[in-house]
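Chemist: give the three-dimensional model of this entry:
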Amino acid sequence: MKKYLGILLIGVMFSISGVYAQKTDYKFGHINSNDLLSVMPERDSARQELQNYSQMLQQEMEAMQVEYQKKVNTYLEKQETYSELVRQSKESEIQEMQRRVQEFQTTAQQDLQRKEQELFLPIMEKAENAIQKVAKANGFTYVFDLSAGSVVYFSEQSIDILPLVKKELGIE
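Modeler: Next up is the predicted model:
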């Protein structure tokens with residue numbers, strides 16, 4: 001009985017090792033997606049649009065701060081001449097304006113991040129779709145993104161697909 005069990009176990013081991021031996025024909029590729037994104041022409045126009053939007057927000061913020069500072073300076077110059085009621089009213093007005101400036105700053109930062117996503121997400125999706133199309137067309141099992149920093153080693157057998165993806169996107 002032990003003899004038959006031993007032969008059966010050896011047979012199972014050989015069949016398992018045969019299955020693993022058949023699955024070693026993987027094809028690996030790699031790409032640095034940051035390098036790809038840096039050569040995509042859409043990136044420059046998106047970056048310029050984001051910069052223009054940021055400058056517009058910055059100008060609005062500066063205008064609000066100038067207005068706020070004027071109110072503070074006027075208040076400080078004339079506070080001795082104000083009655084108690086006028087002084088309280090001016091202080092409330094200044095505090096409200098300070099709150100609005102801070103709120104605008106917070107909202108502007110969030111809005112700028114939203115705008116960045118809105119502009120760059122389609123570019124990243126286009127790059128990702130091209131990578132997937134090239135990987136499928138060339139029979140890659142895995143494609144690693146070197147810009148993610150999680151790949152610590154790749155051998156010479158791993159193929160850099162950046163030239164293929166650039167060709168797919170029509171980038172020289």
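Chemist: alpha carbons only for contacts and neighbour counts from here, please
Modeler: OK.
Chemist: average pLDDT for stretch 47-65, rounded please.
Modeler: Stretch 47-65 shows a mean pLDDT of 97.
Chemist: buried residues in that stretch?
Modeler: 50, 53-54, 57, 60-61, 64-65 (16 or more other CA atoms under 10 Å).
Chemist: next structured bit after the helix or strand of the chain with the lowest mean pLDDT?
Modeler: When the helices and strands of the chain are scored by mean pLDDT, DSSP states H and E, helix 2-22 comes last with a mean of 47. Of the helices and strands lying after helix 2-22 in sequence (DSSP states H and E), the nearest is strand 28-31.
Chemist: now do that following strand: everything it contacts.
Modeler: 140-147, 157-162 (CA atoms under 8 Å, 6 or more residues apart in numbering).
Chemist: give me the buried subset of those.
Modeler: For these, buried by 16+ other CA under 10 Å: 140, 143-144, 146, 158-162.
Chemist: let me have those residues in CSV, extended by secondary structure and pLDDT.
Modeler: Formatted as CSV, the buried ones among the contacts of strand 28-31 follow (DSSP: H, G, I helix; E, B strand; the rest coil; pLDDT from 0 to 100):
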residue, secondary structure, pLDDT
140, coil, 90
143, strand, 91
144, strand, 89
146, helix, 88
158, coil, 85
159, strand, 86
160, strand, 86
161, coil, 89
162, helix, 89
